[in-house]
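A.B. asks: Here is my input, please return the structure:
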Amino acid sequence: MSIIYLSKQGLDNLKSELNKLKSIDRPNIINQIAEARDKGDLSENAEYDAAKEAQGLLEARIAKLESDIANSRVLDKVTDTSTVHLLTQVVIKNLQNGLEMSYAIVSESEADFKNHKISVESPIGKGLMGKSVGEIARIEVPNGTIEFEVMHISSL
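C.D. replies: Residues are numbered from 1 along each chain as shown. This next block holds a predicted model:
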C-alpha cells in the first residue's frame with residue numbers, strides 16, 4: 001500500500017467519517033437486516049437483499065477508510081511557495097479564455113472540485129507540479145491541450 005499524504009484537516013475528516021460509519025450507519029444496517037429477516041422467506045425478500053448489499057458497500061468503505069488512515073502521513077504547513085506542490089494554493093490563468101482560477105493542490109482523498117481542491121494525481125494537478133510563478137503548464141485533456149499560466153503560489 002502506498003503512503004497517502006494528507007493535511008491535518010484531511011486526516012480528521014477521514015477519522016470523523018469512519019467513526020460515523022461504525023457508530024451510526026453500521027448499527028442502522030444491522031437493524032434493517034434483522035427487520036427484513038423477520039419478514040419471512042429470505043429467497044424472495046427484496047428488502048433483505050437490499051440491506052445485505054448496503055452492508056457490503058458500507059463494510060468496503062470502512063475497510064478503505066481504515067486502510068487510508070493506517071497508511072496516511074500528515075504533512076506540516078508548507079513554507080516553500082517557490083513552486084507548486086502538495087498543500088499549496090495556486091492561482092492559474094487559462095490562456096485560451098483569460099479566466100483566472102484558484103485551486104488548492106491536495107491528496108486524492110481530500111480532492112473536492114466544488115471547493116476548489118484538486119488532486120495532485122489529476123491531470124491539472126500533475127501538470128502544475130513543480131511550476132513556478134510565470135511558467136506555463138500545458139495540460140492534455142480529452143479534447144486537446146489547455147495552457148495555464150501560474151499567477152500566484154501560496155501556502156494552504
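
A.B. asks: so how far is the helix or strand bottoming out on mean pLDDT in the chain off the chain centroid?
C.D. replies: Ranking every helix and strand in the chain by mean pLDDT, DSSP states H and E puts strand 4-6 at the bottom, with a mean of 82. The chain centre lies 10 Å from the centre of strand 4-6; the measure is Cα atoms, centre = their mean, to the nearest Å.

A.B. asks: what's the longest helix along the chain in contact with?
C.D. replies: Ranked by residue count and defined by DSSP state H, the top helix of the chain is helix 46-70. Contacts of helix 46-70 with the rest of the structure, by Cβ atoms under 8 Å, 6 or more residues apart in numbering, involve 1, 4, 11, 14-15, 17-18, 21-22, 25-26, 29-30, 32-33, 35-37, 39, 42, 109. No exception for glycine: its C-beta is placed from N, CA and C like everyone else's.

A.B. asks: so of those, which ones are in strands?
C.D. replies: residue 4 (DSSP state E).

A.B. asks: ok, now which ones touch the most centrally placed residue in the chain?
C.D. replies: Of all residues in the chain, the one closest to the mean position by Cα atoms, centre = their mean is residue 109, 2.8 Å from it. By Cβ under 8 Å, 6+ apart, the contact list for residue 109 reads 4, 6, 10, 14, 68.

A.B. asks: what about the first one, distance to residue 119?
C.D. replies: The gap separating residue 4 from residue 119 is 11 Å, by Cβ to Cβ, to the nearest Å.
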